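Engineer: Below are the sequence and a predicted model for it; my questions follow.
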Amino acid sequence: MKRVFALIIGVFFVLTAQSQNKSDSVRDTKGEQHEFALHGAGGLSMLNYFPIEGKQHLGLGGGGGLSSTYFFNQRWGLSLGVELMTYHTRYTVDNFSSGYPAFDDEENFDFQYTLNNYTENQRAVLLNIPLMMRAQIPIDEKKDFYVAFGGKLSLPITASYSSTAQELISWGYYPPAALELRDPEFRAFGTFTDVQSSGKLNFSTAAFVPSVEVGIKWYLNTKCALYTGIYADYGLTNLSKSSSPMVEYAKVINYADNSNMNPINSVLVATHNNADMAHKVVPFAAGIKLSLAFGNYKYKQPTPTPTSVKRAPLLPKKDTVGKDTAAVGDKSLNPRSFQPQQDARQYNILGTVDGYSLTSSKLDRKKQAKLEQVVTYLKAHPDVRIVCVGFTCNTQSEDKSYKQGLKRAQLVRDYLIKQGISRNRVRIRSYGQLQPLVPNKTKKNKLRNRRVEVQMVTTKGKKSDDTTTTSKPKATTQTKKSTTK
């Protein structure tokens, strides 16, 4: 069991290290600070012990409860809860004999007994109070890998047993006379068949139970998530204290007189040759756990701050705002067709959407999440105008790259408009493969270069007339030469 715990925790830390290289898209930990969950669990659930004689058999059990988790950051949280769990164990022994000194109201003797084909069922209900450290690693925008580890305080609520012996044989040996009596029954000596007993178990000690759980957290929507995992609990504290022989002489007398006294005690509290019949009774459970959690699950990029970039501006000094600056296939505004004004404007990047496949322009949920802070910023600054600029890698031709970049920029613009940003504030532009962020030497670099930048446009000095349509800029000789090369 210790090896299992160590293996699970080791795998988690390896995954944590690997996840550092993943995308910057993370969940809004502010919204996810508190989480409330209802859970149910089931599988192997038993009172584990090591009997001197006989065998114990695995039992099934389960339960449910609720918990509350506070997340310190996007990965780590602390969970406190409460749950009720049931435990079931079956004990069997084909033949068991023992004895001890007794007194029959007249003289001392040795009381001896044998149990044949004995079966005992034990049941317990424990109230568990788990305190767990919880960690989660994003797999993608819809699910996380999670691990929880910690301990539970187990408080016994109720415990009982029921048993059946096909045959109970008892007799007495009187040393002074070297006499062995196997009858009469009213003195508890004889053979009794189909002997049934039942009773309560006195578990008065709370147990400490280390616990671990691993699985997948599925985000159903922005308010609800489903945990599917496996768990294992193993107690360290002995719940039971042995104090009685398996078969008590006085109880057998009452049983023989038909007074309904249960003659057989549970193996969990019985002694044999001054030793416990069951060594160290602890709760053990392992199985499947399902939790329905409620919180505020929101995806976003880390809060962006406009970052100044030293790059030739992507727009001429005057252009049309509020309309598409170019349609796919229209080369009139291809950045290679004009000489940019080097000092007319400054450009600040508000957000970047990257990771497109080669021919895809789709703006999926993960890419939309990267634009949430852009939307928030634009709504807070209604005077800011932006341009969505598409870039590609160098895998395709320049003409196809230009069209692909423009199409991606159009879809980003359309998404921003749907989020409430005025069309008059948004332009689009494509630079194709002309301005890579990193050299197009690896697949990873090409993924970074296939991007759309949302750039804030400001004007130095006199404000330009953004509503005036200008003619097509003329390409300079310098630009033509660079294009020819």
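Structural biologist: Looks like it arrived, so ask away.
Engineer: residues near Ile52, how many?
Structural biologist: Other residues near Ile52 number 17, with proximity taken as other Cβ atoms under 10 Å. All C-beta atoms are positioned from the backbone trio N, CA, C, and that covers glycine.
Engineer: what does Arg450 give?
Structural biologist: Here the neighbour count serves as a burial measure; for Arg450 (other Cβ under 10 Å) it reads 27.
Engineer: now Arg187
Structural biologist: The criterion is other Cβ under 10 Å. On that basis, Arg187 has 16 neighbouring residues.
Engineer: Not counting sequence-adjacent ones, nearest residue to Asn202?
Structural biologist: The shortest distance from Asn202 to any residue other than its chain neighbours is 7.4 Å, reached at Val269 (Cβ to Cβ, 6 or more residues apart in numbering).
Engineer: distance of the one you found from Met246?
Structural biologist: Counting by Cβ to Cβ, to the nearest Å, the gap between Val269 and Met246 amounts to 9 Å.
Engineer: Asn202 too?
Structural biologist: Taken as Cβ to Cβ, the spacing of Asn202 relative to Met246 amounts to 16 Å.
Engineer: element containing the spatially most central residue of the chain?
Structural biologist: Computing the C-alpha centroid of the chain and ranking residues by Cα atoms, centre = their mean puts Tyr146 first, at 3.2 Å. Assigned by DSSP states H and E, Tyr146 falls within strand 143-174.
Engineer: how about the helix or strand following that strand: buried residues?
Structural biologist: Moving toward the C-terminus from strand 143-174, the first helix or strand encountered (DSSP H and E) is strand 179-181. Going by neighbour count (16 or more other Cβ atoms under 10 Å), the buried part of strand 179-181 is Leu181.
Engineer: in the chain, which helix has the most residues?
Structural biologist: Ranked by residue count under DSSP state H, the longest helix found in the chain is helix 398-418.
Engineer: Which strand or helix spans the spatially closest residue to Gly43 that is not a sequence neighbour?
Structural biologist: The shortest distance from Gly43 to any residue other than its chain neighbours is 1.6 Å, reached at Gly287 (Cβ to Cβ, 6+ apart). Here Gly287 is covered by strand 278-294, with elements defined by DSSP H and E.
Engineer: Each with direction, which strands does that strand pair with?
Structural biologist: When pairing is defined by DSSP bridges, strand 278-294 lines up against strand 34-51 (antiparallel), strand 224-234 (antiparallel).
Engineer: List the buried residues in the shortest one.
Structural biologist: Buried residues in strand 224-234, counting neighbours by 16+ other Cβ under 10 Å, are found at 225-227, 229, 231-234.
Engineer: If we only consider these, which is nearest to His57?
Structural biologist: Relative to His57, the closest of those is Tyr234; by Cβ to Cβ it sits at 17.7 Å.
Engineer: That closest one touches Phe284, doesn't it?
Structural biologist: Yes. Taking Cβ atoms under 8 Å as the definition, Tyr234 is a contact partner of Phe284 at 5.4 Å.
Engineer: list residues touching both of these two?
Structural biologist: Asn48 (Cβ atoms under 8 Å, 6 or more residues apart in numbering).
Engineer: Point me to the helix or strand that includes Val454.
Structural biologist: For Val454, the host element (DSSP H and E) is strand 451-459.
Engineer: Oh, that last question was meant for His88, not what I typed.
Structural biologist: In this structure, His88 is located in strand 76-103 according to DSSP H and E.
Engineer: And the average pLDDT for that strand is what?
Structural biologist: Confidence for strand 76-103, expressed as mean pLDDT, is 92.
Engineer: Summarise which helices and strands that strand is packed against.
Structural biologist: Where contact means 3 or more Cβ pairs under 8 Å, 6 or more residues apart in numbering; DSSP states H and E, strand 76-103 is packed against strand 34-51, strand 55-57, strand 60-71, strand 108-140, strand 143-174, strand 278-294.
Engineer: Nearest to Ile264, out of those?
Structural biologist: Smallest distance to Ile264 across the helices and strands packed on strand 76-103 (Cβ to Cβ): 5.7 Å, for strand 143-174.
Engineer: tell me which residues in that closest one are buried?
Structural biologist: Of the residues in strand 143-174, those with enough neighbours to count as buried (16+ other Cβ under 10 Å) are 143-152, 154, 156, 159, 161, 163, 165, 168-172.
Engineer: what pLDDT does the residue of the chain positioned farthest from its centre get?
Structural biologist: Of all residues in the chain, Ala177 sits farthest from the chain's C-alpha centroid, using Cα atoms, centre = their mean; the distance is 71.3 Å. What the model reports as pLDDT for Ala177 is 80.
Engineer: Pull the number of nearby residues for Ala250.
Structural biologist: Number of residues near Ala250 (other Cβ under 10 Å) recorded here: 14.
Engineer: likewise Leu411?
Structural biologist: Per other Cβ under 10 Å, the neighbour tally for Leu411 reads 18.
Engineer: so what's it closest to, chain neighbours aside?
Structural biologist: Here the residue nearest Leu411, using Cβ to Cβ, 6+ apart, is Leu363, at 4.9 Å.
Engineer: Could I get the phi/psi values of that neighbour?
Structural biologist: Main-chain torsions, Leu363, degrees, to the nearest 10: phi -100, psi 90.
Engineer: How about Asn445?
Structural biologist: Main-chain dihedrals, Asn445, degrees, to the nearest 10: phi -70, psi -40.
Engineer: Give the closest residue to it in space, chain neighbours not counted.
Structural biologist: In space, Asn445 comes closest to Val438 once its chain neighbours are excluded; the distance is 4.4 Å by Cβ to Cβ, 6+ apart.
Engineer: Among Asn202 and Met246, which residue is more densely surrounded?
Structural biologist: More neighbours surround Met246 than the other of Asn202 and Met246, with 24 against 15 (other Cβ under 10 Å).
Engineer: show me what contacts the residue lying closest to that one once chain neighbours are set aside?
Structural biologist: Closest residue to Met246 in three dimensions, ignoring its sequence neighbours and counting by Cβ to Cβ, 6+ apart: Ala270, at 4.2 Å. Taking Cβ under 8 Å, 6+ apart as the definition of contact, the neighbours of Ala270 are 242, 244-246, 276-278.
Engineer: rewinding a little: out of the helices and strands packed on strand 76-103, which is closest to Thr392?
Structural biologist: strand 108-140 (24.0 Å).
Engineer: What pairs with that closest one, parallel or antiparallel?
Structural biologist: Partners of strand 108-140 in the sheet, by DSSP bridges, are strand 76-103 (antiparallel), strand 143-174 (antiparallel).
Engineer: Reformat the ones you listed into TSV and put distance to Gln396 next to each item.
Structural biologist: Written out in TSV, the entries for these read as follows (distance: least, Cβ to Cβ, whole Å):
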stretch	distance to Gln396
strand 76-103	43
strand 143-174	33
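Engineer: returning to that earlier point: output the strands paired with strand 278-294 as CSV; include the columns distance to Pro138 and mean pLDDT.
Structural biologist: As requested, these are exported to CSV (distance: least, Cβ to Cβ, whole Å; pLDDT from 0 to 100):
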stretch, distance to Pro138, mean pLDDT
strand 34-51, 16, 92
strand 224-234, 13, 95
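Engineer: Now the ones you listed in TSV, please, with extra columns for distance to Gly420.
Structural biologist: Conversion of those to TSV gives the following (distance: least, Cβ to Cβ, whole Å):
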stretch	distance to Gly420
strand 34-51	29
strand 224-234	26
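Engineer: The residue nearest to Gly43 pairs with what?
Structural biologist: The partner list for Gly287 in beta bridges (DSSP bridges) reads Gly43, Tyr231.
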